[in-house]
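**Q** here is a sequence with its predicted model. Questions after.
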Amino acid sequence: MSLSKGFEIEMYTGTPQGEIVGLSDKIVGALDGFVREPDSRNVEYITKPSHSYEQLLCALLGPRQKLRKFIKQFGDYTLIPGSTLSLGRSDRFFRSDPTNPYHDYIEQTYGTKVVTASVHINIGISDPEILMRACRVIRAEAPLFLALSASSPFLDGKATGYHSTRWGVFPQTPAHVPLFESHAHHIQWVEDQLTAGTMQNVRHLWVSVRPNGDRRPYHLNRLELRICDLVTDPIALLGITALLEARLLQIIENPDIDPLTQSTLSPEELITLTASNEAAAATASLDAPLQHWQDGRTIVARDWIWQMYPEAWAIAKQKGFSCFLSPLRKILREGNEAQQWLQLHAVGVESDRVITQAIIATQEREFELEDKLCSSLMA
């Protein structure tokens, strides 16, 4: 049986010229399924959990088509790819809900470092101890998923030196998050953070991967991978999700896969190594030299993913979703969105031109998929 999967997708709204414009108050008031972020320039929608990749494809596309249609009422507005304020206005915060005290705290503490767009991938695991072990493994391997998804090389019109500027500057909170040894350890740690004020509420755990559920930290039922930049092409996103699901199925079936028992490094050394790998992946994505969590050996992100691929494919084939894994091969060969944008930038294409081309390509890809796939699936 495959696992249930769902997404939280944050996207920017703005003009075809790439200027990001806040419309979330209008959107959230009128469209079901959309929720506001602290800054009005991006908006989030959440897909219902599903075991079916075909259904997820339509669940990713449907709200975007609805959103595109809705924002046209207010002017020539569109959806803007990328995970940062690529072409400007990172100098100020545009509050979506000026009366919300948690938003006060976020604006005052982090400023526009949090005004990013991303994809959170949620995958269902109901046993809390298996979930904790899965979180340990995926936290050690999260930089690989960032490497595949990086899409934020620009900020305020300039190349920043990062492939994922979003993850390079994002305030991970609290500053030190351990590898949770058990569900009880996780509960105790969260309660301690809330008492100490290092977390404002149970949602205020901003780390690459975390356990999630209806009543955190007590009732948990899914792993939430938070490290990915916005992947605008739904087929590419489903490819990344298929890799994550295949790895989780492998972890569930094999209790020996665990950084706490399988690594030559101590838990503290693993945390340091993971932070260093995340920084490397934010900088160079698929070309980043990473250290493997098992023994600290150096391996390039792209090579590590290629090494994982055959086993992931075998698991996915057995469970009936291997065709959704195949788009990864294209990303590994041709580069992620950030790398493709930087290739254009390197030959003299200005950042605003790169973004305006990406806006058109994103819309065309959505219409193509909607036309080809969702209409036939829904027929």
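**A** That came through fine.
**Q** doesn't Q55 make contact with L238?
**A** No. Applying Cβ atoms under 8 Å as the test, L238 and Q55 come out as separate, 10.9 Å apart. Every residue, glycine included, has its C-beta placed from N, CA and C.
**Q** so between the two, which is more surrounded?
**A** A direct count of neighbours by other Cβ atoms under 10 Å for L238 and Q55 places L238 higher, at 25 against 16.
**Q** look up phi and psi at that one.
**A** As for L238, its main-chain torsions (degrees, to the nearest 10) stand at phi -70, psi -30.
**Q** quick one: the strands in the stretch 151-300 of the chain, in order.
**A** Assigned by DSSP state E, counting those that start in this stretch, the strands in the stretch 151-300 of the chain fall at 154-155, 158-159, 209-212, 222-225, 289-291, 298-300.
**Q** got TSV for those strands, with distance to A59, mean neighbour count and mean pLDDT too?
**A** Listed next are the strands of the stretch 151-300 of the chain as TSV, based on distance: least, Cβ to Cβ, whole Å; neighbours: other Cβ atoms under 10 Å; pLDDT from 0 to 100:
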stretch	distance to A59	mean neighbour count	mean pLDDT
strand 154-155	29	24	95
strand 158-159	34	16	94
strand 209-212	18	23	96
strand 222-225	16	24	98
strand 289-291	32	19	98
strand 298-300	34	13	98
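**Q** nearest to L131, of those?
**A** Nearest to L131, of all these, is strand 209-212, at 5.3 Å by Cβ to Cβ.
**Q** can you tell me how far A281 sits from W304?
**A** Separation of A281 from W304 (Cβ to Cβ, to the nearest Å): 10 Å.
**Q** hey, what's in contact with both of those two?
**A** 144, 290 (Cβ atoms under 8 Å, 6 or more residues apart in numbering).
**Q** more neighbours, the two?
**A** A281 (31 against 19).
**Q** doesn't L148 make contact with that one?
**A** No. Counting by Cβ under 8 Å, A281 does not reach L148; the two are 9.4 Å apart.
**Q** ok, what's across the strand from T298?
**A** Note on T298: beta-bridge partners by DSSP bridges are Q291.
**Q** and R203, how many residues sit next to it?
**A** 11.
**Q** how about the nearest residue to it, chain neighbours excluded?
**A** Distance criterion Cβ to Cβ, 6 or more residues apart in numbering; nearest residue to R203, sequence neighbours excluded, is R216 at 7.7 Å.
**Q** ok, that neighbour touching Q193?
**A** No. Using Cβ under 8 Å, R216 is not in contact with Q193; the gap is 11.8 Å.
**Q** so where's this protein shaky on pLDDT?
**A** For the chain, the stretches flagged by pLDDT under 70 are 374-379.
**Q** tell me what the longest helix along it is packed against?
**A** Using DSSP state H to define each element, the chain has its longest helix at helix 128-149. For helix 128-149, the packing partners by 3 or more Cβ pairs under 8 Å, 6 or more residues apart in numbering; DSSP states H and E come out as helix 183-196, strand 209-212, strand 222-225, helix 234-253, helix 259-262, helix 267-284, helix 301-319, helix 327-334.
**Q** and P101, which of the ones you listed is closest to it?
**A** P101 lies closest to helix 183-196 among these, at 15.8 Å (Cβ to Cβ).
**Q** got the angle between the closest one and helix 128-149?
**A** Per axes from the mean of the first three to the mean of the last three Cα atoms, to 10 degrees, the angle that helix 183-196 makes with helix 128-149 is 70 degrees.
**Q** for helix 183-196, output the C-alpha coordinates as CSV.
**A** Provided in CSV are the C-alpha atoms of helix 183-196 (Å, rounded to 0.1, in the frame of the first residue of the first chain):
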residue,chain,number,x,y,z
HIS,A,183,7.8,10.4,20.8
ALA,A,184,8.2,11.1,24.6
HIS,A,185,11.5,13.0,23.9
HIS,A,186,9.7,15.1,21.3
ILE,A,187,6.8,15.9,23.6
GLN,A,188,9.1,16.9,26.5
TRP,A,189,11.3,19.0,24.2
VAL,A,190,8.3,20.9,22.7
GLU,A,191,6.8,21.5,26.2
ASP,A,192,10.2,22.8,27.4
GLN,A,193,10.5,25.2,24.4
LEU,A,194,7.0,26.6,25.0
THR,A,195,7.8,27.2,28.6
ALA,A,196,11.1,28.9,27.7
